[in-house]
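Asker: Here is the input, now give the coordinates:
(one chain, ligands or ions: 1)
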Amino acid sequence: MDAYALVLNAGSSSLKFCVYRPAPGAEWAVDTRGQIEGIGTSPRLTVKDGQGQKRYDEKLDPSVGGAHAAIDTLAAWLQSTYAGGRVVGVGHRVVHGGPSHAGPTVLTGDILAELKGLTPLAPLHQPHNLAPIETLLDRMPDVPQVACFDTAFHRGHAPVATVVPLPRALCAGGVERYGFHGISYEYIASVLPEVAPEIADGRVVVAHLGSGASLCGLKGRQSVDTTMSFTAVDGLCMGTRPGALDPGIVLYLFQTLGLSVQQVEDVLYKKSGLLGISGVSNDMRDLLGRPEPDARLAVDYFVYRAAKEIGGMAAALGGIDALVFTAGIGENSAEIRKRISQASAWLGVELDEAANAGNGPRISTPASKVSAWVIPTNEELMIARHTRALLGL
Ligand code: ADP
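Answerer: Presented below is the predicted three-dimensional model:
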């Protein structure tokens, strides 16, 4: 391969990547995708081809202990696999674009400095997202890079959906409702005209149900509101995050239980949600097969909260024409889709059980007032599309 483009999604302990073959005038195709996981503990590189067949799986030296070492490892693998190939562009997932980025941007040293300044708004994610950008700007300054933000798609929200009702002075440092999963929602909005033309420009609630979970209300394929807000803790119940929570409980954790800041952070990001309620697992697949009452309560709460928030999102949209399920749980669990759809029957959702069992794409009956759909998301492809457009590839 002469030229290839990379999409990177760097987290705290993993570096996910996709290698695309640029094809002028056509959608890019994935050549390989993989990840370096266990960074800092027991790192491992796994790679699949565009058809999902395993291409490579190897334990790495434990010295691959940080983002820079992970990039070096990936670069070495790319050089041996795509010998003689040239990287024409790199697209990155960056969790926070702050108030000023309503779309993707070509990265420079100045933009990187600006994005580092947003770290207080996303301390657990932003530094990890930015580390490979910094390494590549330093080591391969001629390779153009693009940042795509999880917040960008939501920047058009009305003030009433953005404001946080605390004293204005306390919010001056950027406290507002940003919303996340925007790259996923932008992808879904982009394919609606093709997959579901009859509702594409209507009022659509998209449920991104994965380890992280949120809803986005779309009107005319633009985001009107979303359930995550200042952080990715708000809204729906998630694998290890609680979703919406009375802030008085956080005070109680500090004042009465005497938890430290670090302990409260751990509770909010790593120990709550499905894991917190069930006490046994953060994994929906696992919980659905368990008989323990608390495992069942965790699933019940997940469904209850999602359905309740769908009702709220329908109110924000002034009604609802369609409901779309996506991400790990939304794309794969007919059971959860069925339960959320049944709980949304009052809105006019009538499930077609056979279509739901077959994963759609349309899973509502022809007579259903509100149609329901399963649409697989593809965040990497959305990043690749932006990278291609911004770099003119
Ligand atoms: P993320 O990308 O945020 O890590 P995913 O979108 O991959 O998360 O979703 C992970 C979730 O999807 C897990 O809770 C997993 O159990 C769930 N999941 C995947 N397949 C199924 C399935 N067949 N049935 C139920 N849940 C599933």
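
Asker: ok, the residue of the chain found nearest the ligand - contacts?
Answerer: Residue of the chain nearest the ligand, by C-beta to the nearest ligand atom: Gly328 (2.0 Å). C-betas here are computed from N, CA, C, even on glycine. Taking C-beta atoms under 8 Å, 6 or more residues apart in numbering, we find Gly328 in contact with 209-211, 284.

Asker: swap in Ile71?
Answerer: By C-beta under 8 Å, 6+ apart, the contact list for Ile71 reads 15, 131-132, 135-136.

Asker: Could you report the pLDDT at it?
Answerer: You'll see Ile71 listed with a pLDDT of 91.

Asker: Regarding it, what is its secondary structure?
Answerer: Here Ile71 is helix, with the state taken from DSSP: H, G, I helix; E, B strand; the rest coil.

Asker: picking up where we left off before, of the contacts of Gly328, closest to Leu60?
Answerer: Within those, proximity to Leu60 (C-beta to C-beta) peaks at Ser211, which comes in at 23.7 Å.

Asker: and the residue lying closest to the closest one once chain neighbours are set aside, backbone torsions?
Answerer: Sequence neighbours aside, Gly239 is the residue nearest to Ser211 in space, at 4.2 Å (criterion: C-beta to C-beta, 6 or more residues apart in numbering). Per-residue torsions, Gly239: phi -60, psi -50 (degrees, to the nearest 10).

Asker: again, but for Asp49
Answerer: phi -90, psi -180.

Asker: Hmm, it is touching Arg55, no?
Answerer: Yes: between Asp49 and Arg55 there is a contact under C-beta atoms under 8 Å: 5.1 Å.

Asker: doesn't the residue of the chain closest to the ligand fall inside a helix?
Answerer: Yes: under three-state DSSP, Gly328 sits within a helix.

Asker: Now do it, the pLDDT please.
Answerer: Gly328 carries a pLDDT value of 96.

Asker: Quick check: the gap between it and Thr377.
Answerer: With distances taken as C-beta to C-beta, to the nearest Å, Gly328 is found 10 Å from Thr377.

Asker: Equivalent analysis for Ser100, please.
Answerer: 26 Å.

Asker: So if I had to pick from those two, which one is more boxed in?
Answerer: Counted by other C-beta atoms under 10 Å, Ser100 and Thr377 do not tie: Thr377 has more neighbours, with 24 against 9.

Asker: Wasn't that one part of a helix?
Answerer: No: counting by three-state DSSP, Thr377 is not part of a helix but coil.

Asker: Was I right to think it contacts Ser190?
Answerer: No: counting by C-beta under 8 Å, Thr377 sits too far from Ser190 to count as a contact (10.6 Å).

Asker: And for Tyr252, the neighbour number?
Answerer: Neighbours of Tyr252 (other C-beta under 10 Å): 12.

Asker: List, one by one, the residues from this structure near the ligand.
Answerer: Within the chain, the positions adjacent to the ligand are 210-212, 239, 283-285, 288, 327-329, 332-333 by C-beta under 6 Å from any ligand atom.

Asker: change it to 8 Å
Answerer: With C-beta under 8 Å from any ligand atom as the criterion, the chain meets the ligand at residues 208-212, 239, 274, 282-288, 327-333, 335-336, 377.

Asker: Generate a ChimeraX selection restricted to the buried entries among those residues.
Answerer: The following ChimeraX line selects those of the residues of the chain next to the ligand that are buried, judged by 16 or more other C-beta atoms under 10 Å:
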select :208,209,210,211,212,239,274,282,284,287,327,328,329,330,331,332,333,336,377
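
Asker: Among the residues of the chain next to the ligand, which are located in strands?
Answerer: Among the residues of the chain next to the ligand, DSSP state E puts 208-209 in strands.

Asker: hmm, who's touching the lengthiest helix in the chain?
Answerer: The residue-count maximum for a helix in the chain (DSSP state H) belongs to helix 293-317. Helix 293-317 has contacts (C-beta under 8 Å, 6+ apart) with 161, 203, 205, 207, 209, 213, 215-219, 224-225, 227, 235-237, 243-244, 273-275, 277-281, 284, 287-288, 290, 320, 323, 336, 339-340, 343-344, 346-347.

Asker: and if you look at stretch 129-144?
Answerer: So stretch 129-144 is contacted by 8, 10-11, 15, 66-68, 70-71, 87-90, 92-95, 106-107, 109, 112, 115-116, 145, 147, 391 (C-beta under 8 Å, 6+ apart).

Asker: pLDDT weak spots in the stretch 201-350 of the chain?
Answerer: Under the criterion pLDDT under 70, no range of the stretch 201-350 of the chain is flagged.

Asker: Confirm for me that Leu287 is in contact with Ser281.
Answerer: Yes: here Leu287 reaches Ser281: they are 5.5 Å apart, a contact under C-beta under 8 Å.

Asker: what do the two both touch?
Answerer: Shared contacts of Leu287 and Ser281, defined by C-beta under 8 Å, 6+ apart, are found at 274, 295.

Asker: and Leu6, what element?
Answerer: Following DSSP states H and E, one finds Leu6 within strand 3-10.

Asker: Buried residues, stretch 119-128. List them.
Answerer: Residues 121-122, 125-126, 128 are the ones in stretch 119-128 that count as buried (16+ other C-beta under 10 Å).

Asker: now do stretch 86-95
Answerer: Buried, per 16+ other C-beta under 10 Å, within stretch 86-95: 87-95.
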